[in-house]
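**Q** Need coordinates for the following:
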Amino acid sequence: MRIDIVTIFPTFFDALDLSLLGKARSKGIIDVGVHDLRDSAHDRHRTVDGPPAGGGAGMVMRPEPWGESLDGILDGADDPLVIFPSPAGDVFTQEMAKELAQETHLVFGCGRFEGIDQRVFDETASRARVRLVSIGDYVLNGGEVAVTVMIEAIGRLIPGVIGNPESLVEESHEDGLLEYPSYTKPAEWRGRQIPPVLLSGNHGAVEQWRHEQRVERTRRVRPELLEEATPEDGETPQ
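**A** All right, here's what the predicted structure looks like:
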């Protein structure tokens with residue numbers, strides 16, 4: 001997968017060189033290009049923002065630098081999907097991450113200040129697919145954190161990024177339920193025991209316990225998810 005990122009803070013994405021995503025980049029599984037928006041601003045101050053039309057607080061990102069930067073990415077590109085983090089966008093979910101992991105070229109535009117001139121979205125949509133995406137009902141200072149979240153969630157679903165693909169199947173939200181509690185050695189720690197069923201060697205009992213724990217945790221923490229959870233073995237979560 002090819003990923004391009006437009007931002008005024010390119011070093012923010014040095015974090016993508018770490019851990020599994022960093023290994024995936026070194027292997028060529030994921031190709032990431034980070035573009036400094038200010039390189040497309042040609043005044044001596046490298047200005048990328050201006051006061052909002054009609055008045056109001058804050059500043060809005062100007063269309064000219066965005067247009068030039070996106071031109072350099074989109075010209076000649078093969079059906080890229082351009083994603084702008086936005087509180088006005090579709091909510092990012094595990095299902096969306098799966099969908100986006102099937103793409104071959106994602107372009108992320110990181111807004112700052114009070115947002116990006118609407119004409120950037122409109123003009124970009126005339127030449128490429130554009131999607132506004134929100135990672136939650138709260139406000140951040142800019143799109144960099146949201147883009148990092150999305151890239152990590154998407155990237156780990158690309159074949160070859162996770163060493164053991166089976167580990168993806170049992171994660172939270174994979175079938176609408178939260179993940180079960182995990183344990184490791186020692187069997188007892190500070191008077192707290194690993195549940196005996198996990199040490200029993202009975203794989204069927206372990207799977208049943210884990211499923212029950214997932215349903216119970218989801219009921220307790222995110223009960224609204226049970227309405228959309230995938231029943232197992234004909235069982236309907238109650």
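**Q** What residue in the chain is the furthest from its centre?
**A** residue 191 (38.4 Å; C-alpha atoms, centre = their mean).
**Q** Need the phi and psi values for that residue.
**A** phi 80, psi 0 (degrees, to the nearest 10).
**Q** distance of it from residue 181?
**A** Distance, residue 191 to residue 181, by C-beta to C-beta, to the nearest Å: 17 Å. (Each C-beta comes from the backbone N, C-alpha and C, glycine too.)
**Q** Neighbours of the closest residue to residue 58 other than its chain neighbours, how many?
**A** Closest residue in space to residue 58, ignoring its immediate chain neighbours: residue 114 at 3.8 Å, by C-beta to C-beta, 6 or more residues apart in numbering. Residue 114 is flanked by 14 other residues according to other C-beta atoms under 10 Å.
**Q** same thing with residue 123?
**A** By other C-beta under 10 Å, 16 other residues sit near residue 123.
**Q** try residue 160
**A** 12.
**Q** Can you give me every residue that contacts it?
**A** Counting by C-beta atoms under 8 Å, 6 or more residues apart in numbering, residue 160 touches 24, 27, 29.
**Q** cutoff 7 Å now
**A** Residue 160 makes contact with 24, 29 under the criterion C-beta atoms under 7 Å, 6 or more residues apart in numbering.
**Q** A helix includes it, no?
**A** No. Assigned with DSSP: H, G, I helix; E, B strand; the rest coil, residue 160 falls outside any helix and is coil.
**Q** ok, it to residue 28 distance?
**A** From residue 160 to residue 28 the distance is 10 Å (C-beta to C-beta).
**Q** can you check residue 60 too?
**A** Residue 60 is 38 Å from residue 28, where distance means C-beta to C-beta.
**Q** So if I had to pick from the two, which one is more boxed in?
**A** residue 60 (20 against 8).
**Q** How about the more buried one: which residues does it bridge to?
**A** Taking DSSP bridges as the rule, residue 60 bridges to residue 50.
**Q** Tell me the pLDDT of it.
**A** We have a pLDDT of 97 for residue 60.
**Q** Please name the residues that touch it.
**A** So residue 60 contacts 49-50, 52, 113-115, 117 (C-beta under 7 Å, 6+ apart).
**Q** Are any of the residues you listed buried, and if so which?
**A** For those, a burial check counting by 16 or more other C-beta atoms under 10 Å picks out 49, 113, 115, 117.
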